[in-house]
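A.B. asks: coordinates only, sequence not included:
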């Protein structure tokens, strides 16, 4: 999508929408990235600049937070919230990277070790999501995007391991009929990253485009999962 096409899409969206929304961002530094991009705009500012005049956006995500911290983010949820966007789990997954330095007898033992970690991740993610769903608001889940570690071996380990963590998130989205923002396909360029694990202003611009797309297009009444990401290879390469 060219910058011109994107600008025209946002302008059309702002002019035609009649429903007022208050979007709330929950999770970690994927949304709370101000420290890493200043003086460039952070995600919440980018989103706010794209909203129709009657809309609002609130940042409840906190840099460094994990799955277990989302409950506290819900405490001060604005009373007029209409749509929640949740991106969390990356910090939990990063905490397990040291596990891959453990010595094991064979591949089977390594897989079982990973299975135990994923089972725990699944349990806490599901428990957290159940609490968020109790708010009775539309909610979109985000996959954990792939890091940009300069060490090739560490990058390969992280990408491979994240597949099983993301599988948990994807299953939960389909289980509950929630929209899914696939950040792995949205943030695919080095320019999308301010450092190995936080989005740059360039990446934030793309993320906020898709947040608006979700809020505008997804119908909660249909209870069907829809994946939001570039759908054609030329869309990915051209962004």
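C.D. replies: Now that the structure is in, tell me what you want to look at. Treat the numbers as computed from the prediction; the structure is a model and nothing was measured.
A.B. asks: Wait, residue 214 touches residue 84, no?
C.D. replies: No - judged on C-beta atoms under 8 Å, residue 214 makes no contact with residue 84 at a distance of 10.8 Å. For the C-beta atoms, the positions are set from N, CA and C on the backbone; glycine is no exception.
A.B. asks: So these two - more neighbours on which side?
C.D. replies: residue 84 (24 against 19; other C-beta atoms under 10 Å).
A.B. asks: that's a strand at that one, yeah?
C.D. replies: Yes - judged by DSSP: H, G, I helix; E, B strand; the rest coil, residue 84 forms part of a strand.
A.B. asks: where does this protein have low pLDDT?
C.D. replies: Scanning the chain for pLDDT under 70 picks out 1-18, 98-110, 221, 232-239.
A.B. asks: Show me what whatever helix or strand residue 214 lives in packs onto, helices and strands only.
C.D. replies: Assigned by DSSP states H and E, residue 214 belongs to helix 201-217. Packing partners of helix 201-217 (3 or more C-beta pairs under 8 Å, 6 or more residues apart in numbering; DSSP states H and E): helix 3-16, helix 43-50, strand 83-87, strand 180-181, helix 183-186, strand 227-228.
A.B. asks: now do 6 Å
C.D. replies: helix 43-50, strand 227-228 (3 or more C-beta pairs under 6 Å, 6 or more residues apart in numbering; DSSP states H and E).
A.B. asks: how far off strand 83-87 does that helix point, in degrees?
C.D. replies: 140 degrees (axes from the mean of the first three to the mean of the last three C-alpha atoms, to 10 degrees).
A.B. asks: Would you mind listing the buried residues in stretch 119-134?
C.D. replies: Within stretch 119-134, the residues that qualify as buried are 121-122, 124-126, 128-129, 132, counting by 16 or more other C-beta atoms under 10 Å.
A.B. asks: Residue 25 falls within a helix, correct?
C.D. replies: No - the assignment for residue 25, made by three-state DSSP, is strand rather than a helix.
A.B. asks: ok so, going back, of the helices and strands packed on helix 201-217, which stretch is the most buried?
C.D. replies: helix 43-50 (a mean of 20; mean count of other C-beta atoms under 10 Å).
A.B. asks: on contacts alone, who are the packing partners of it?
C.D. replies: Against helix 43-50 (3+ C-beta pairs under 6 Å, 6+ apart) you get strand 56-59, helix 201-217.
A.B. asks: Of all the helix elements in this structure, which one is longest?
C.D. replies: helix 107-133 (DSSP state H).
A.B. asks: From the chain's centroid, how far away is that helix?
C.D. replies: 18 Å (C-alpha atoms, centre = their mean, to the nearest Å).
A.B. asks: and residue 202, what is it in contact with?
C.D. replies: 191-192 (C-beta atoms under 6 Å, 6 or more residues apart in numbering).
A.B. asks: if I read this right, residue 40 contacts residue 199, doesn't it?
C.D. replies: No - between residue 40 and residue 199 there is no contact under C-beta atoms under 6 Å: 10.9 Å.
A.B. asks: out of the two, which sits in the more crowded spot?
C.D. replies: The neighbour comparison of residue 40 against residue 199 (other C-beta under 10 Å) goes to residue 199, with 27 against 16.
A.B. asks: Next, the more buried one: phi, psi?
C.D. replies: Reported as degrees, to the nearest 10, the phi and psi values for residue 199 are phi -80, psi 140.
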